[in-house]
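What shape does this take:
(2 chains)
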Protein chains: 2
Amino acid sequence: MANPVLPSSGVLSPLGLDAVRPAPGFWGDRIALNRDVTIAHCLEWEEREGWIGNFRGRLPRKGREFSDSETYKLLEAMAWADHPALPELAETVARAQEGDGYLNTRWTGNRYSDFEWGHELYCYGHLIQAGVARLRMHGEDRLTEVVRRAADHICRRFMDTSETCGHPVVEMALVELYRATGTERYLEMARRFVERRGLPALGDIPFGRAYFQDDVPVRQARSLRGHAVRALYLAGGVVDVAVETGDVELLKAVEAQWERAVARRTHLTGGMGSRHSDESYGEDYELPPDRAYSETCAGIGSIMLAHRLLLATGDARYADLAERTLYNVLATGVALDGRTFFYANPLRVRVPAEPLDGVNHAAEGGLRSPWFDVSCCPHNIARTLASLAAYVATSDAGGVQIHHFTPGEITHGPLALRVETGYPWSGGVSVRVLSGGSGQISLRVPAWAKGARLSYGPATPASSDISHMSGVREVEPGYAVVEGDWQPGDEIRLELPMAPRWTFPDRRVDALRGSVAVERGPLVYCAESVADEPPLADVAARVSSPPTDHLPDQPTDHLTGHLADSPAGAPAAVPAPEAAGAAEAGAPVPVAGAPAAPTDPVADTPSGSAGPEGDPVVEVEVAVVLGAPDANGWPYGPEPDSVEGVDTVLRLVPYHRWGNRGPATMRVWLPVAE
Amino acid sequence: MANPVLPSSGVLSPLGLDAVRPAPGFWGDRIALNRDVTIAHCLEWEEREGWIGNFRGRLPRKGREFSDSETYKLLEAMAWADHPALPELAETVARAQEGDGYLNTRWTGNRYSDFEWGHELYCYGHLIQAGVARLRMHGEDRLTEVVRRAADHICRRFMDTSETCGHPVVEMALVELYRATGTERYLEMARRFVERRGLPALGDIPFGRAYFQDDVPVRQARSLRGHAVRALYLAGGVVDVAVETGDVELLKAVEAQWERAVARRTHLTGGMGSRHSDESYGEDYELPPDRAYSETCAGIGSIMLAHRLLLATGDARYADLAERTLYNVLATGVALDGRTFFYANPLRVRVPAEPLDGVNHAAEGGLRSPWFDVSCCPHNIARTLASLAAYVATSDAGGVQIHHFTPGEITHGPLALRVETGYPWSGGVSVRVLSGGSGQISLRVPAWAKGARLSYGPATPASSDISHMSGVREVEPGYAVVEGDWQPGDEIRLELPMAPRWTFPDRRVDALRGSVAVERGPLVYCAESVADEPPLADVAARVSSPPTDHLPDQPTDHLTGHLADSPAGAPAAVPAPEAAGAAEAGAPVPVAGAPAAPTDPVADTPSGSAGPEGDPVVEVEVAVVLGAPDANGWPYGPEPDSVEGVDTVLRLVPYHRWGNRGPATMRVWLPVAE
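Below is the predicted model:
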């Protein structure tokens, strides 16, 4: 089965890329854009920057010490996408492998001399993940041969040592290679890497050993901590080891760490990581919107972890967080053109970014960049979107579960289903039976979807015989389960409440006190302004009026004008689009006009403006008071500051769409006026 | 005159170390501790770490590329303190100087190959400041000879280039050397360094050119920006150049930048710098308490800048900010033992620090450390405390101005004054005439001191003839000026209102919304807990009850017990005290008992507990509600979170005293309960 994660046990089994075929829609469009544009973009830049040249032995070596891993992530993306350039790139990599299986363009001649920062095992991890993808999509070839030799080298070199890598990922990779090949030493090697971590296994570093989760053994840790990507990759590998070895205690430990991190160290977007200095979580409730680091890779790591926990436990909360992170971190991390990327995903940007003409040397930035000195995020997006279909649905002995709603077809045994939906813009999801089978069909009802309704029955009365179970009922968050002997034409319709809603923070999150955000369905919204700072700095929300969907025929005022009428700013310079159909960069979002693309089969939503990729984007309006900027002066005084100003309306856009129209200021959290 | 800053023009002229002689008291005690303990501590650690050995040519070279500057700052401290070890250390330095005046232990043989990060001119700047100190305290010697040769080398090498240093300080230093020697090329060199910056003069770096203030010419900049220490050192040098060249436009530019930075980029403590990643200001109103960087050196840089602006303009607001920063950053940066130091000074610490046994490899930490890989802060504290008397008072044609209240004697011409005060614990300041003279005596009335009263007259009716001006009057913030023909025994008494007060943030400071702090006199207060996190995380202030001074005979409850009864934690390990009279590290602050030391001549304050150094520390109590910790769960929801819990009293300590009793959590800003 074509799947990045394929546990041999667990509550749910994932359906792979061979069983889930997305059609155009929110994710289908992005998967296609990734296949047609982003993969080629990464390949072109890797060549341009000399990172692929490193495998050819070109000197001086280019890129950071872990740049090999980017090529491997690209190979993984290519493997999932059946990309025709894979064999040539795999051959280039293969030629750099040494006789004993060692493979690293940075450390050859000086092997394993820096476990804290060398990233050698990290690079192998990504290489192995690429090999697993190739094995499952294609079968054995030159790449999988390289991967097996590397994995065998790792086992010989590290099975009986106490060493490990400063950056986890090899754990996940080795377990998956075990799953794909049945070779048990790969699982044992992964198990040992997990168990020796925190004894400690690494040297001390200025950031402290928690940075790479070597402060305490994983069984003793109470929360996800330190460098967020490292923490999440490690936790994913720990789940994999726990599942394959039947280690319930180990699984419970990660579940508890996840629960605590989600309750105390997670941004509203699902993003994780608060500190720029060491890309780390920070402490409990340290969640500043300004400097939310929320690295795109950490979001992907969180999706990977949540997916593994979902498969192991069947608990909907894991799919809920994965969905939140998919729509608000992964979808934010790549522009509508598929060629520019966010590394950090803050929830507040106070000053419009300066457009960059080329490589972004910093991880931060208020505009998406075509490339970074550390380009982990573009490659991580590429491999994740290329395999995203595998996250959509699962099966168990009882039937099929649909966790993420995206148009397309799902097959499981004799059962074939067609999903139609305008989600996340509208809340209707239709699941139609194309070919029959018996058993349960379960649809996830997100935690926010109080009052969701499920209806089911034959599409036309004469076509089926499931009238014994027809009807409409309200369904609770979790999974709505319908069991039947399905006939072609039968339909399940889930209606999720899509009214925009206010969301308030826990009072312990100091940085958000007195603020409110807007969510609608799975989307976090934000105020964006391509004009000056003051409008967003001095705005406060009137929470007594509920937020409303924006109807494009309403008049605009000066504030919403910032969103609707401002000139399209120049985004970061990018190479000219090559692939046909690439969205035009920098085009303003039309504020009126009919949606271009998929018709909503369960129309329950006003049609919003159409985005460049055809999404019928629904914007949201909120009542605000716009305060006048104060005079300068010492900003601390004997009386509480109050907001006084003009009442007006502010239009919010989905957070994932911000920064597509040029330099802008942005805020997710609005001060509460009352 | 023995003075670190001695402008040839300006509204006010500083009185130097020869004219201001501090007696025991808040600052007098710290000046003595610095002289007796801290300087020796720095000397010992510099030897231990090999940084002085670098000047002896020992290999491999030790320390960071700018470690020479630490030795120079230590030499400056020694010069101000007339320390007997200076000549030997100066000789060690002198022997490393090359024939043409070049002097740098890191870059010899590879001179001026990295202006962005090399710090060569930065090191010279500190060397020159040491030489100026020596010249003014002692006269010409081996050190001043080295300094002149270095300065001449700089002028030859850089007068006609477009180069400058990634870290400013040489500008201030060269102007001061000009002031001390009259050699005009030093001033011209400084002027050119100032004018060429931002054209730009340096290469691009990942942090962006604003990091080292090379983004725009200094005349065009609107605010202090980028790396805070760099920004403040540069601004100080710009003021010096502007004053000496009569460049009013340049002075006005810095004044405007200062005003904007103070209004938008300054923590309540006076600390500057919000970001850890690049030690920078961050954007306007980006002032998170958790991660307030507020580097001790930035506080010192701000004091240096404010002092220069005060001398140039006579405006009390500069002295106000200097005072705030002295009491809440400088005094915080060094422990009561004189041997451990803070690098960063956050306003919120959520998790008690792990005690460190030796060098702190990171800039952050919730406990003061004896040394850092980058030990700028200990040395900066040493040189600043060694010259602190020079910041206390100034003169102009009309008379004498007292800006900072510390017991001691001040002389100016025939006039000799004795200042007695328990400030900052009590608000009474007595200025008694020891030997007569005519003219004005001005006392600064801080901006917070609404309702201050001034009384003046002969100490005993028969002793003097200033009855024509005797009386009591209320004085406004600014300067209270009394003019007279002063006779021995005459006295001026200033009474500043010392009731603790609530302080609220500007609503644009997102990170502080809905919070309140407590100030008392010039001191910012904080809640400190050596126990677990929950008490401070779940506490909220009832602002309807004013904060009150803590009377030690009041009963304690469980909350104040955290402050009073907790076991003394172990502070960071430090070398055993050598100097007699060093305060005992780690001793708990007694909560009752009579103050040991200086009696308050204008007793208007309840006596608080006595600190290890004899300060009669006044604590403050506030009414709070202590909420019960919530269960874990997704921290964002549809209803505003409210604080419900037990009403109790929380005792606050001066911010500068926090972290002296071992690992603790701390917060300056408290959520508002109502």
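
Give the rounded mean pLDDT of the helix or strand encompassing A:L121.
Per DSSP states H and E: A:L121 is located in helix A:120-137. For helix A:120-137, the mean pLDDT works out to 98.

CA atoms only for that helix, dumped as CSV, please.
Output of helix A:120-137 as CSV, limited to C-alpha atoms (Å, rounded to 0.1, in the frame of the first residue of the first chain):
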residue,chain,number,x,y,z
GLU,A,120,24.6,12.4,9.6
LEU,A,121,21.9,10.1,11.0
TYR,A,122,19.3,12.8,10.3
CYS,A,123,20.3,12.7,6.6
TYR,A,124,20.1,9.0,6.6
GLY,A,125,16.6,9.2,8.0
HIS,A,126,15.4,11.3,5.1
LEU,A,127,17.2,9.1,2.7
ILE,A,128,15.5,6.0,4.1
GLN,A,129,12.1,7.7,4.0
ALA,A,130,12.6,8.4,0.3
GLY,A,131,13.6,4.8,-0.1
VAL,A,132,10.4,3.6,1.6
ALA,A,133,8.3,5.8,-0.6
ARG,A,134,10.0,4.4,-3.7
LEU,A,135,9.6,0.8,-2.5
ARG,A,136,5.9,1.3,-1.9
MET,A,137,5.2,3.3,-5.0
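
next SSE after that helix?
Where DSSP H and E defines the elements, the next helix or strand beyond helix A:120-137 is helix A:142-158.

what does that next one rub up against?
A:75, A:79, A:86-87, A:90-91, A:93-94, A:97, A:100-103, A:112, A:121, A:124, A:127-128, A:130-132, A:134-135, A:164, A:170, A:174, A:177, A:181, A:183, A:185-186, A:188-189, A:192-193 (C-beta atoms under 8 Å, 6 or more residues apart in numbering or on different chains). For glycine as for every other residue, the C-beta is placed from the backbone atoms N, C-alpha and C.

okay, the angle between that helix and helix A:120-137?
140 degrees (axes from the mean of the first three to the mean of the last three C-alpha atoms, to 10 degrees).

what comes up buried for helix A:142-158?
A:143-144, A:146-155, A:157-158 (16 or more other C-beta atoms under 10 Å in any protein chain shown).

Stretch A:128-144 too?
Of all the residues in stretch A:128-144, those buried under the rule 16+ other C-beta under 10 Å are A:128-137, A:141, A:143-144.

That one spans what distance, first to last residue?
Stretch A:128-144 has an end-to-end distance of 8 Å (C-alpha to C-alpha, to the nearest Å).

how far does it sit from the chain's center?
Remark: stretch A:128-144 is offset 23 Å from the chain centroid, using C-alpha atoms, centre = their mean, to the nearest Å.

Over to stretch A:335-343?
13 Å.

list the buried ones in it?
Neighbour-count burial for stretch A:335-343 flags A:A335, A:L336, A:D337, A:G338, A:R339, A:T340, A:F341, A:F342, A:Y343 (criterion: 16+ other C-beta under 10 Å).

helices or strands up against the helix or strand containing A:A540?
If you go by DSSP H and E, A:A540 is part of strand A:539-541. Where contact means 3 or more C-beta pairs under 8 Å, 6 or more residues apart in numbering or on different chains; DSSP states H and E, strand A:539-541 is packed against strand A:620-627, strand A:670-671.

SS state for A:L434?
strand (DSSP: H, G, I helix; E, B strand; the rest coil).

My understanding was that it contacts A:R418; is that so?
Yes: A:L434 is in contact with A:R418 according to C-beta atoms under 8 Å; the separation is 5.4 Å.

Now the common contact residues for those two.
A:E409.

A strand includes A:C165, no?
No: the assignment for A:C165, made by three-state DSSP, is coil rather than a strand.

Skipping adjacent residues, who's closest to A:R225 in space?
Excluding its sequence neighbours, the residue lying closest to A:R225 (C-beta to C-beta, 6 or more residues apart in numbering or on different chains) is A:A210, at 5.2 Å.

is it true that that neighbour touches A:G226?
Yes: A:A210 is within contact range of A:G226, at 4.2 Å (criterion: C-beta under 8 Å).

what about the two, which has more around it?
More crowded of A:A210 and A:G226, by other C-beta atoms under 10 Å in any protein chain shown: A:G226, with 25 against 19.

quick one: contacts for that one?
Shown in contact with A:G226 (C-beta under 8 Å, 6+ apart): A:F207, A:G208, A:A210, A:Y211, A:F212, A:Q213, A:D215, A:D278, A:S280, A:Y281.

so what are the domain limits for chain A?
The record's domain split for chain A, according to automatic domain parsing, is A:49-196, A:393-495, A:503-671.

Show me which of the contacts of helix A:142-158 are buried.
Using 16+ other C-beta under 10 Å as the burial test, the contacts of helix A:142-158 include A:75, A:79, A:86, A:90, A:93-94, A:97, A:101-103, A:112, A:121, A:124, A:127-128, A:130-132, A:134-135, A:164, A:170, A:174, A:177, A:181, A:183, A:186, A:188-189, A:192-193 as buried.
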